[in-house]
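[1] Provide a 3D model corresponding to the input given below.
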Amino acid sequence: MCDLLVIGGLGVDVRVRVPRLPLPVVDSVTVDPIELRIGNTGAGVVLAAHSLGLRVTVVDTVGVDPAGTVVRAALARTGVRAVLADDPAGTRRSVNLVDPGGRRMSLYDPRASDGPPPFAAARVAELIRDANHVHLSIIGWVRELLPDLGDLLGEGVGSSTDLHDWDGHNPYHRPFADIAELVLVSGAALGDRAATVAGTLAPRPVLVTRGADGADLYLGGNLHRIPAAVPPGPVVDTNGAGDAFAAGIITARSRGATWAEAAGYASRVAAAACTHDGMEYPPGLLPRD
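    Numbers count the residues shown, from 1 in each chain. Presented below is the predicted three-dimensional model:
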């Protein structure tokens with residue numbers, strides 16, 4: 001039995017520290033050493049939840065390529081159980097431009113491959129039955145399996161998804177929102193429509209994340225403001241903060257916290273994640289209390 005099953009979302013991040021964002025239009029810019037490491041949203045949730053003490057399993061596709069080797073090696077270092085299939089399209093990757101204040105811009109290459117999902121619905125269902133909570137990454141092959149997983153996720157298994165920069169209209173995201181018990185979404189593209197969009201997802205709790213401005217928890221028709229936590233050190237990289245936030249909520253809820261308590265705790269987890277360069281968190285960095 002595992003505490004958390006993360007479905008999809010593994011990849012690598014090419015981290016580039018830049019002098020400022022947006023970059024000036026020039027022929028070349030000298031930067032610090034460019035790093036290649038495990039990244040993308042599923043990996044962020046997996047690694048943060050593992051650091052918080054959860055027993056984690058992840059199922060996804062990874063390419064037989066140098067980037068895939070990076071992902072496999074990072075997962076092996078944690079001891080996280082990984083159920084992986086080879087992806088002929090290669091490993092998903094992002095180029096993350098990070099300014100001196102830790103603010104980032106991500107260029108995402110999903111490497112979507114054609115064809116059916118790499119795992120049979122029965123195999124994924126078997127993994128779900130062995131989990132207390134399931135987190136769905138908004139990956140193409142996961143979306144195709146959602147109709148087969150709906151009944152399972154309604155049978156006492158907690159579930160969540162992060163819609164990232166959903167604008168409230170794009171139909172691609174809606175099946176994830178409709179199936180999950182908890183929906184997280186960035187407020188970046190929602191603007192002042194956040195309350196309206198959250199209302200369309202009721203009665204499930206919806207967390208609209210706003211970075212350094214905290215988060216809005218919509219629950220039972222009420223809005224709860226979740227203030228941002230003060231980072232325990234200098235902010236060096238905000239990449240993965242949202243994933244750490246999701247892991248914090250899942251962890252707190254698994255230990256009996258209310259939704260508001262869980263969101264407050266998640267805010268502290270995300271703040272601590274911003275003080276570390278990358279998603280492989282050293283022991284003791286993310287708060288467990």
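[2] Okay, helices next: where are they in the stretch 51-200 of the chain?
    Under the criterion DSSP state H, counting those that start in this stretch, helices of the stretch 51-200 of the chain are mapped to 66-78, 121-129, 140-153, 174-179, 194-200.
[3] Please state the offset of the first one from the chain centre?
    Mean C-alpha position of helix 66-78 versus that of the full chain (Cα atoms, centre = their mean, to the nearest Å) differs by 18 Å.
[4] for the record, mean pLDDT for that helix?
    Looking at helix 66-78 alone, the average pLDDT works out to 95.
[5] Would you mind putting the CA coordinates of that helix into CSV?
    The C-alpha coordinates for helix 66-78 follow below in CSV (Å, rounded to 0.1, in the frame of the first residue of the first chain):
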residue,chain,number,x,y,z
PRO,A,66,20.0,10.8,-21.9
ALA,A,67,17.1,12.8,-20.3
GLY,A,68,15.4,9.6,-19.4
THR,A,69,18.6,8.4,-17.7
VAL,A,70,18.5,11.5,-15.6
VAL,A,71,14.9,10.8,-14.5
ARG,A,72,15.5,7.2,-13.7
ALA,A,73,18.7,8.0,-11.7
ALA,A,74,16.9,10.6,-9.6
LEU,A,75,14.0,8.3,-8.8
ALA,A,76,16.5,5.6,-7.9
ARG,A,77,18.2,7.9,-5.4
THR,A,78,15.0,8.4,-3.5
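[6] Check which helices and strands it sits against.
    strand 11-17, strand 35-39, helix 41-51, strand 56-63, strand 81-87 (3 or more Cβ pairs under 8 Å, 6 or more residues apart in numbering; DSSP states H and E). C-beta here means a position set from N, CA and C on the backbone, and glycine is covered the same way.
[7] quick one: average pLDDT of the second one?
    With pLDDT averaged residue by residue, strand 35-39 scores 92.
[8] could you redo the helices of the stretch 51-200 of the chain as a markdown table and give each row distance to Ala43?
    Below are those laid out as a markdown table (distance: least, Cβ to Cβ, whole Å):
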| stretch | distance to Ala43 |
| --- | --- |
| helix 66-78 | 7 |
| helix 121-129 | 17 |
| helix 140-153 | 15 |
| helix 174-179 | 18 |
| helix 194-200 | 27 |
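[9] how about those in CSV, adding mean neighbour count and distance to Gly42?
    Below are these laid out as CSV (neighbours: other Cβ atoms under 10 Å; distance: least, Cβ to Cβ, whole Å):
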stretch, mean neighbour count, distance to Gly42
helix 66-78, 17, 10
helix 121-129, 16, 14
helix 140-153, 16, 9
helix 174-179, 18, 13
helix 194-200, 16, 24
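[10] residues in contact with stretch 144-151?
    Residues from elsewhere that reach stretch 144-151 (Cβ atoms under 8 Å, 6 or more residues apart in numbering): 116-117, 119, 121, 124-125, 128, 136, 175-176, 179.
[11] just those now: which is nearest Ile7?
    Proximity of those to Ile7 (Cβ to Cβ) peaks at Leu136, which lies at 5.4 Å.
[12] How about the contacts made by that closest one?
    7-8, 142, 146, 159-161, 176, 179-180.
[13] Check Ala257 too.
    Taking Cβ under 8 Å, 6+ apart as the contact definition, Ala257 lies against Tyr265.
[14] So it versus Pro110, what's the distance?
    Separation of Ala257 from Pro110 (Cβ to Cβ, to the nearest Å) stands at 33 Å.
[15] now do Arg255
    Applying Cβ to Cβ, the value for Arg255 to Pro110 is 34 Å.
[16] before we move on, what about Val98?
    21 Å.
[17] So between these two, which is more surrounded?
    Of the pair Val98 and Pro110, Val98 is the one with more neighbours under other Cβ atoms under 10 Å, namely 23 against 14.
[18] Which residue, neighbours along the chain excluded, lies closest to that one?
    Once flanking residues are discounted, Val98 sits nearest to Arg104: 4.7 Å by Cβ to Cβ, 6 or more residues apart in numbering.
[19] can you tell me which residues contact that neighbour?
    Counting by Cβ under 8 Å, 6+ apart, Arg104 makes contact with 21, 96-98, 237-239.
[20] Show me which of those are buried.
    Burial by neighbour count, judged by 16 or more other Cβ atoms under 10 Å, picks out 96-98, 237-239 from those.
[21] now stretch 141-148, how far from the centre of its chain.
    The answer for stretch 141-148 is 18 Å, by Cα atoms, centre = their mean.
[22] Output it as CSV, restricted to C-alpha atoms.
    What follows is stretch 141-148, C-alpha atoms only, in CSV (Å, rounded to 0.1, in the frame of the first residue of the first chain):
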residue,chain,number,x,y,z
TRP,A,141,-2.1,9.4,-22.1
VAL,A,142,-3.6,10.0,-18.6
ARG,A,143,-6.5,11.9,-20.1
GLU,A,144,-7.3,9.0,-22.4
LEU,A,145,-7.7,6.7,-19.5
LEU,A,146,-9.9,9.0,-17.3
PRO,A,147,-13.2,7.4,-18.5
ASP,A,148,-12.0,4.0,-17.2
